[in-house]
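[1] sequence plus predicted model, see below.
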Amino acid sequence: MKRFRVGAYGALLVVLVAGTSSAQKAGDPGDFDYYSLVLSWSPTYCASNPGSRKEPQCSGGRPYAFVLHGLWPQYERGWPEFCRTRKKPWVPRGVMNDMLDIMPSKRLVIHQYRKHGTCSGLQPTRYFQLSRLLFERVAIPRRFVRPSKPIRTSPRDIKEAFLKANPDLAANMISVSCGSRRRLREIKICMTREGLFRACGRNEQKRRCRRGDVILPPVRAGQTQKQDKVDL
């Protein structure tokens, strides 16, 4: 079980968030209330988007389960996006390549920085370092690490599994989203600028999954999906 470490880990977080300020106008870089760490269920993306079959995330040899969709600056109501910066947003190739193990798409990395990273007030290197630190802080329940068969469960049970695996997490700090055909889409976990778990705002609550149960497509190398018996 992963636990938040003080010391060097906490010091690095302080360095990464340094330079951001909340005393700015709405929509300006660094003007936001909290972060939403968004973890996508990769098999759902691959199963729901036929055009994704040629992407490394879905056709490569590595099986992906939860991946980092992004780290999104949020207001208590609403959110900033595509914030203006002095220079054209640009993610260095080295930074982009270093993120591919948890964000398995170069297009995703670039898009996430342009849309959300620019609003963090952080340069690409710091933004993605912080994204990785917060992603690695969250312990993924063992059941969802690499299931070889589809799982049918409920949003409530998914949330409970994450709460059990992360003792510092509370029910109002996590939101479960679902998509078409009852598939799990993503998990959103809310955090302060300093990387501590905190209550989510209305954004996550308005978009939470309201279905009684959801399906998690299985994790496979190549992410090729087919009909399987669902693990109850």
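    Good, I have the coordinates.

[2] what strand or helix carries residue 134?
    Taking DSSP states H and E as the definition, residue 134 sits inside helix 124-137.

[3] can you give me the buried ones in that helix?
    Neighbour counts using 16 or more other Cβ atoms under 10 Å place 124, 126, 127, 128, 129, 130, 131, 132, 133, 134, 135, 137 of helix 124-137 among the buried residues. Heads up, the C-betas are built off the backbone N, CA and C, glycines and all.

[4] can you pull out the strands in the protein?
    Using DSSP state E, the strands of the chain run over 34-41, 66-74, 151-153, 174-178, 184-191, 214-216.

[5] residues making contact with the last one?
    In this structure, residues lying in contact with strand 214-216 by Cβ atoms under 8 Å, 6 or more residues apart in numbering are 41, 43-44, 144, 147, 150-155, 158, 176, 178, 181-184, 230.

[6] equivalent analysis for the fifth one, please.
    Applying Cβ under 8 Å, 6+ apart, the set of residues contacting strand 184-191 from outside is 34-41, 44, 66, 69, 74, 134, 138, 158, 162, 169, 173-179, 197-201, 204, 209, 214-216.

[7] angle of that strand against strand 174-178?
    Strand 184-191 and strand 174-178 meet at an angle of 160 degrees, taking axes from the mean of the first three to the mean of the last three Cα atoms, to 10 degrees as the criterion.

[8] what do you get for the longest one?
    Inter-element angle recorded for strand 66-74 and strand 174-178: 120 degrees (by the same axes, to 10 degrees).

[9] now strand 66-74: mean pLDDT?
    For strand 66-74, mean pLDDT rounds to 97.

[10] repeat for stretch 214-230
    65.

[11] next one: stretch 186-195
    The pLDDT scores in stretch 186-195 average 96.
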